[in-house]
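> Below are the sequence and a predicted model; questions follow.
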Amino acid sequence: MTALGMPVVPPRGSGNLRGVKKFPDAARQELSNPQLRRNIGKATHTIRAKRLNVTGELPDWEQLRDAGAAIKADVLNRLPELLIRLEEAVTARGGVVHWAADAAEANAIVTELIRRTGSDEVLKVKSMATQEIGLNEHLEAQGIAAYETDLAELIVQLGHDKPSHILVPAIHRNRAEIREIFLREMPGVDPELDDNPRHLAAAARKFLRHKFMTVPVAVSGANFGIAETGTLAVVESEGNGRMCLTLPQTLITVMGIEKLLPTFRDLEVFLQLLPRSSTGERMNPYTSMWTGVTPGDGPQEFHLVLLDNGRTAALADEIGREALHCIRCSACLNVCPVYERTGGHAYGSTYPGPIGAVLSPQLAGMDQPDDPNSSLPFASSLCGACYDACPVKIDIPSLLVELRHQKVEHARFGPEAAAMKAASLAMSSSRRWTAAQKAAGLGRVLAGKKGKITSLPGPLAGWTDARDMPAPPKRTFRQWWASDEGRAALAEAREEGQQR
Amino acid sequence: MRIALFATCLGDTMFPEAVSATALLLARLGHDVVFPERQTCCGQMHVNTGYQPDALPLVENYVEAFDDSSIDAIVAPSGSCVGSVRHQHGIVASRYGSASLCGRVDTVKAKTYELSEFLVDVLGVTDVGAYFPHRVTYHPTCHSLRMLRVGEKPLQLLRAVREIDLVELPQADSCCGFGGTFAIKNAETSTAMLADKLTDVAATGAEYCSAGDSSCLMHIGGGLTRLRTGTRTIHLAEILASVEPAVAPKGVPA
């Protein structure tokens, strides 16, 4: 705390930004489910191929990515100014702006606003921000029923499950499983329902239609908020979102403060980047935009809840703030070899995959040694596919390496730190290094006649559970280089070179 | 050209044949190959595991070993270690080192190359005169592919090899799951990734799976021997350094 009693570090986020298990433990459980791996593998490969098709056909795709990155950097550089601009524009058009520091505040504001309408039911447009703050669970505890209207989100909700993908929340479910969920949980469903996708969608449609006609209040997220005009935008595929945005009397939008764009014109860039990166479509089927209220048309009451929940803490981190550029397209999930095997639940937080491994620790912190979030930066082989796929060029591998550094700086102790220190010492002088190499030669004893090591001790056992380790060779390279044989071979090669 | 070999810690200790192949290949191409003995490790393991301060002595040692104006280029048979030199040494030096170290890091990293990019970009060679009469598939390692952007260069070199039967690896650009300490910290996930890579390698029917990084090959090879598929791993440098067994030159009377 400073002398004024202000915290030095801004408060970190709360809500669904932290799992209960560390990534390796959660992943172990998911990896043991072959159905889940098949479902996710199939879905991500399909979206991946579609994305490559539609990004490949744009001659200026790279320039669009650069433009997206530049606009986002600009937004974060002058966020306070732009947020005030947004508040003024929304207010001028008859909307009401609320500021929420964390999940609890945002939930309280939304609950109060719904209560004021007199309804104990609320429609939901698919929204990462409200998942992040755990709004549905909070409303349920307050006696308010929230109905997810996005088909996949509805499947997850009815299945008492958690989303496992930003864009395709039910990616881990196949149609047979969905049919079972509907039969078990959907009020008024036809007991003869089969698993034909059209029939499943029709059943959901019938269920939702009634809600659209009767529930007077809806909660949405926002893909973009335009500071210049106070316009909010949601892009979607099914049109259910648009029903929620237009039919009810009251509309409440919860938006993370980083989702701003400075001007209406900036949408041009992002409405190209987002659909192509997320669904692999040239354009998404429904783009809805609304600005305050219009008498006699659409919701007559509009509230915008601006959510911090750890975002200013992330912004304060000079290197880490790049993660706030994220537009939640999920392209990084679909190309990530780790996500492909483990699915989204292993990441614990609302935000899975590579960007989630960066965002969750940034928003919610990872200061405690046993914090599950502290395992997320290590849940990557750093293959770099996410960086190549990101429409706003977030260098996720470098951010992960940076977070690993921050994590270790928080807690430099334990056997790993000692081993790293020892390795650093051994490897910082060739004299000590060659001595260490001699010791490594003892590995040949472990290997025996097989010439390979099939069982390693301690933390290294994870390697030999599935793979052999070659025995160290009899001679290191530097020994060969200094040997008569090495000298002769090199001389011969040199001679051949001269003859060429 | 006077070329300094960077053996890398793994190459020096575990895969000397990949490094000696690099040395012989460059010598055969007519270059003066030297081995600065002071060298050890690039420090990638420390940086990628979060131990940046512990990487500083390794960055300093790398600079001490290779900051030599008589050296025209530093060549390593590893995309990953060269990626570390190029992208991580500057970060470590600017955070924990002196201004002079930063300057020397810039000088040295500008001369550091991965083998295939050195051959194609610097020497302008795609046909190194190699002979390798085997069915081979090639795995483009992540750091070569995405940190160094070597692209088609290794394949250009392989295509020029005499008698090689080069077969395409399905889903070649998927990570094999090694990832340094990732393979230890997230062993099960790493293993699941490896399993799919091994399936793809097996589908090629190749005798050899090659790559430009011994670390990835150690991982893939460790899985292959466990499965007893008969497919072996081999470093790109070893294929490129492989020559036809000596025969009497044509037209020369015996």
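Cool, got the structure.

> Every contact and neighbour count from this point should use C-alpha atoms.
Will do.

> A:A100 against A:A106, yeah?
Yes: if you go by Cα atoms under 8 Å, A:A100 and A:A106 touch, sitting 5.0 Å apart.

> Please identify which of the two sits among more neighbours.
Shown here are A:A100 and A:A106; by other Cα atoms under 10 Å in any protein chain shown, A:A106 has more neighbours (24 against 20).

> ok, now how distant is the more buried one from chain B?
Distance, A:A106 to chain B, by Cα to the nearest Cα, to the nearest Å: 35 Å.

> Please name the residues that touch that residue.
By Cα atoms under 8 Å, 6 or more residues apart in numbering or on different chains, A:A106 lies in contact with A:99-100, A:133, A:254, A:305, A:307.

> So the residue positioned nearest the centre of chain B versus chain A, what's the distance?
The centre of chain B sits closest to B:S78, judged by Cα atoms, centre = their mean, with a distance of 2.2 Å. For B:S78, the distance to chain A (Cα to the nearest Cα) stands at 15 Å.

> B:M1 too?
The value you get for B:M1 to chain A, if Cα to the nearest Cα is used, is 12 Å.

> The closest residue to the residue nearest to the centre of chain B other than its chain neighbours: how many residues sit nearby?
Excluding the flanking residues, the one nearest B:S78 by Cα to Cα, 6 or more residues apart in numbering or on different chains is B:D213, at 4.6 Å. Neighbour count for B:D213, taken as other Cα under 10 Å: 28.

> Look at the residue lying closest to B:H143 once chain neighbours are set aside and give its secondary structure.
The spatially closest residue to B:H143, leaving aside those adjacent along the chain, is B:S80, at 5.0 Å (Cα to Cα, 6+ apart). Assigned with DSSP: H, G, I helix; E, B strand; the rest coil, B:S80 falls in the helix class.

> Look at B:S80 and say how many residues are nearby.
B:S80: 28 neighbours (other Cα under 10 Å).

> Please apply the same query to A:A26.
So A:A26, with other Cα under 10 Å, has 18 neighbours.

> how close does it sit to chain B?
11 Å.

> for that residue, phi and psi?
With angles defined as degrees, to the nearest 10, A:A26 sits at phi -70, psi -40.

> is it true that it touches A:G344?
No: judged on Cα under 8 Å, A:A26 makes no contact with A:G344 at a distance of 10.1 Å.

> can you pull the pLDDT of A:P391?
At A:P391, the model reports a pLDDT of 98.

> The one 3 residues further on too?
Looking at A:I394, its pLDDT stands at 98.

> Check A:L4 too.
Confidence score, pLDDT, at A:L4: 61.

> What of A:E137?
95.

> just checking, what packs against the helix or strand hosting it?
According to DSSP states H and E, A:E137 maps onto helix A:135-141. Taking 3 or more Cα pairs under 8 Å, 6 or more residues apart in numbering or on different chains; DSSP states H and E as contact, the helices and strands that helix A:135-141 lies on are helix A:103-117, strand A:145-148.

> Deepest-packed of the ones you listed, please.
Of all the helices and strands packed on helix A:135-141, strand A:145-148 has the most neighbours on average by mean count of other Cα atoms under 10 Å in any protein chain shown, namely a mean of 21.

> helices and strands around the helix or strand that that strand is followed by, which ones?
Later in the chain than strand A:145-148, the nearest helix or strand by DSSP H and E is helix A:151-158. Here helix A:151-158 touches strand A:145-148, helix A:175-185, going by 3+ Cα pairs under 8 Å, 6+ apart.

> A:T476: which of the helices and strands packed on helix A:135-141 is closest?
helix A:103-117 (57.3 Å; Cα to Cα).

> And the helix or strand following the closest one, what does it pack against?
Going down the chain from helix A:103-117, the next helix or strand is strand A:121-124, by DSSP H and E. Strand A:121-124 sits against strand A:145-148, strand A:217-220, helix A:240-246, with contacts defined as 3+ Cα pairs under 8 Å, 6+ apart.

> Which of these sits closest to B:G43?
Per Cα to Cα, nearest to B:G43 of the helices and strands packed on strand A:121-124: strand A:217-220, 47.5 Å.

> Was I right to think A:G384 contacts B:S144?
No: with contact defined as Cα under 8 Å, A:G384 does not reach B:S144; the gap is 10.5 Å.

> Alpha carbons only: can I get the helix holding A:E137 in CSV?
Written as CSV, here are the backbone C-alpha positions of helix A:135-141 (Å, rounded to 0.1, in the frame of the first residue of the first chain):
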residue,chain,number,x,y,z
LEU,A,135,-23.3,-14.3,-13.9
ASN,A,136,-25.6,-17.3,-14.5
GLU,A,137,-24.6,-19.0,-11.3
HIS,A,138,-25.0,-15.8,-9.4
LEU,A,139,-28.5,-15.1,-10.9
GLU,A,140,-29.6,-18.6,-10.1
ALA,A,141,-28.6,-18.1,-6.4
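
> What residues sit buried inside it?
Neighbour counts over helix A:135-141 (16 or more other Cα atoms under 10 Å in any protein chain shown) mark A:135-136, A:138-139 as buried.

> Next, report how far it is displaced from the centre of its chain.
Between the centre of helix A:135-141 and the centre of its chain there are 22 Å (Cα atoms, centre = their mean, to the nearest Å).

> thinking again about what came up before, so the residue nearest to B:H143 touches B:D213, yeah?
Yes: B:S80 lies in contact with B:D213 (Cα under 8 Å); the separation is 6.9 Å.

> In space, what's closest to A:T44 - neighbours in sequence excluded?
According to Cα to Cα, 6+ apart, the nearest residue to A:T44 is A:N334 (4.8 Å).

> Fine, thanks again, bye for now.
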